[in-house]
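*Asks:* got a predicted model here, sequence first, then my questions.
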Amino acid sequence: MKLILAIISDEDSNPVISELGKEGFGVTKLCSTGGFLRSGNTTIMVGADEEKVPEVIDIIRRKCKTRKKAVPNLDMPGGAGVMSMAFPVEVTVGGATVFVLNVERFEKL
Ligand code: 2BA
């Protein structure tokens, strides 16, 4: 058994979760915050047999769109202050950041 942790955009979460549900996967949705943009994103947890992992990843890949977004440059001195707002940086958002973890034990009690 594997645990797939995927960090995705809030906008993509409903299509991804619906499709995973339709295909019979159990999903837990967590509200999370990206360390760079410091804005909300969604983390989903999916427990699945090892041979089903490619199917889960394929659904995530199909349903998560990448987009460009201009954001305040939070790394500049002054953080999100007036100067940093004047120099936005373009970042790619969307897609998915996926971790696949080994599950030592799985039980539903
Ligand atoms: P954030 O940390 O808010 O990052 C959002 C997007 O900003 C990133 O998309 C990337 O395109 C860009 N970005 C991040 N750090 C950057 C930097 N130092 N300079 C320029 N651009 C930067 P993704 O890489 O697709 O990551 C999306 C979200 O996935 C991240 O949101 C974070 O919540 C999570 N994530 C990404 N890599 C991770 C990791 N190694 N461990 C844990 N979470 C991760």
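*Replies:* Structure's in. What do you need?
*Asks:* and residue 20, that's in a strand?
*Replies:* No: Residue 20: not assigned to a strand; according to DSSP: H, G, I helix; E, B strand; the rest coil it is helix.
*Asks:* burial of the residue nearest to it when sequence neighbours are not counted, as a residue count?
*Replies:* Sequence neighbours aside, residue 27 is the residue nearest to residue 20 in space, at 5.0 Å (criterion: Cβ to Cβ, 6 or more residues apart in numbering). No exception for glycine: its C-beta is placed from N, CA and C like everyone else's. The burial count assigned to residue 27 is 18, neighbours taken as other Cβ atoms under 10 Å.
*Asks:* I'd say residue 27 and residue 46 touch.
*Replies:* Yes: using Cβ atoms under 8 Å, residue 27 and residue 46 qualify as a contacting pair, with a distance of 5.5 Å.
*Asks:* okay, and the helix or strand of the chain with the least pLDDT?
*Replies:* helix 82-85 (a mean of 54; mean pLDDT, DSSP states H and E).
*Asks:* buried residues in the following helix or strand past that one, which are they?
*Replies:* Downstream of helix 82-85, the first helix or strand assigned by DSSP states H and E is strand 89-94. Residues of strand 89-94 classed as buried under the neighbour-count rule (16 or more other Cβ atoms under 10 Å) are residue 93.
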